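In: no sequence for this one, just the structure:
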């Protein structure tokens, strides 16, 4: 055999493994250690927790809030732009925006199933 | 169209190697070795090679990895998909077992 046992050839496999930070938060090394990506990830986690907690999303005092917009009702006569609804929408928008940013920095990032890439406006 | 979303025991790595690399016996052996080193416990590995006439052979450029079960194959898919091999970003898809076992590598 010509297979030398002491042969130290570099593997064609790259050492770095860009892995989705969202699924493997404990993964050591790689793009997850980019402080910016870390900050985005922790904000993403915080938002996800808030949205899933069931707690009021807008807990500012009456005086600290800006005036409410005109009410909007659906065809059943139920108000749809409640304070809670608007707070949730705001968090959802921020969440989508953060995911977009993470994907830009780490194309290997696997976004959550409900993520919709931003529509391109012409 | 040749691949499937449903896990199988066969993993197909796409656009991994070039025809030129596969023609060279040494490079072919090294590629085989690199695959065996990092793809987990394999039952079989098939790397279609171009023939001497230089005809286009179905599946050239791909690497087919056979695992003992779909779980091992799924783990490998998660581990290898998106990794770089020789500068190419590897994509990993499940491959139909019937096609693999009938040596149909046309994808």
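Out: Right, received. Where do you want to start? All values derive from a computational prediction rather than experimental measurement.

In: residues contacting whichever residue of chain A sits closest to chain B?
Out: Closest approach between chain A and chain B, counting by C-beta to the nearest C-beta: residue A:14, at 3.6 Å. The way it works is simple: take the backbone N, C-alpha and C, and place the C-beta from them, glycine included. Taking C-beta atoms under 8 Å, 6 or more residues apart in numbering or on different chains, we find residue A:14 in contact with B:83-85, B:87.

In: Go back to those residues and keep what's next to chain A.
Out: Near chain A, taking C-beta under 8 Å from any C-beta of the partner chain as the test, the members of these found are B:83-85, B:87.

In: quick one: which of those residues sit in strands?
Out: Under the assignment DSSP state E, the ones next to chain A among the contacts of residue A:14 contribute B:84-85 to strands.

In: Can you get me a residue count around the residue nearest to residue B:12 when sequence neighbours are not counted?
Out: When the adjacent residues along the chain are set aside, residue B:12 lies closest to residue B:95, with 4.0 Å between them (C-beta to C-beta, 6 or more residues apart in numbering or on different chains). Close neighbours of residue B:95, defined as other C-beta atoms under 10 Å in any protein chain shown, add up to 26.

In: any idea of the pLDDT on residue B:95?
Out: Note on residue B:95: pLDDT of 95.

In: Look up how far chain A lies from residue B:77.
Out: Using C-beta to the nearest C-beta, to the nearest Å, we find residue B:77 at a distance of 12 Å from chain A.

In: who's in contact with that residue?
Out: Going by C-beta under 8 Å, 6+ apart, residue B:77 touches B:7, B:11, B:92-94.

In: re earlier: quick one, phi/psi of the residue nearest to residue B:12?
Out: phi -120, psi 140 (degrees, to the nearest 10).

In: List phi and psi for the closest residue to residue B:69 other than its chain neighbours.
Out: Sequence neighbours aside, residue B:9 is the residue nearest to residue B:69 in space, at 6.2 Å (criterion: C-beta to C-beta, 6+ apart). Phi and psi for residue B:9, reported as degrees, to the nearest 10, are phi -90, psi -10.

In: burial of residue B:9, as a residue count?
Out: By other C-beta under 10 Å, the residues close to residue B:9 number 21.

In: gap between residue B:20 and chain A?
Out: Here residue B:20 is placed at a distance of 14 Å from chain A (C-beta to the nearest C-beta).

In: no no, residue B:56
Out: Look at residue B:56 and chain A: by C-beta to the nearest C-beta, they are 23 Å apart.

In: Correct me if wrong: residue B:27 contacts residue B:33.
Out: No: using C-beta atoms under 8 Å, residue B:27 is not in contact with residue B:33; the gap is 10.5 Å.

In: mind checking which helix or strand of chain A has the lowest mean pLDDT?
Out: Here the helix or strand of chain A ranked lowest by mean pLDDT, DSSP states H and E is helix A:35-53, holding a mean of 87.

In: what about residue A:10, how many residues close to it?
Out: Residue A:10 has 8 neighbours, counted by other C-beta under 10 Å.

In: mind checking pLDDT for it?
Out: The per-residue pLDDT of residue A:10 was computed as 85.

In: who's in contact with it?
Out: Remark: with contacts taken as C-beta under 8 Å, 6+ apart, residue A:10 is in contact with nothing.

In: Point to the residue nearest the middle of the chain.
Out: I went with chain A, as the question did not name one. By C-alpha atoms, centre = their mean, the mean C-alpha position of chain A lies nearest to residue A:99, the distance being 3.7 Å.

In: my bad, the chain I had in mind was chain B
Out: The residue lying closest to the centre of chain B (C-alpha atoms, centre = their mean) is residue B:63, at 1.6 Å.
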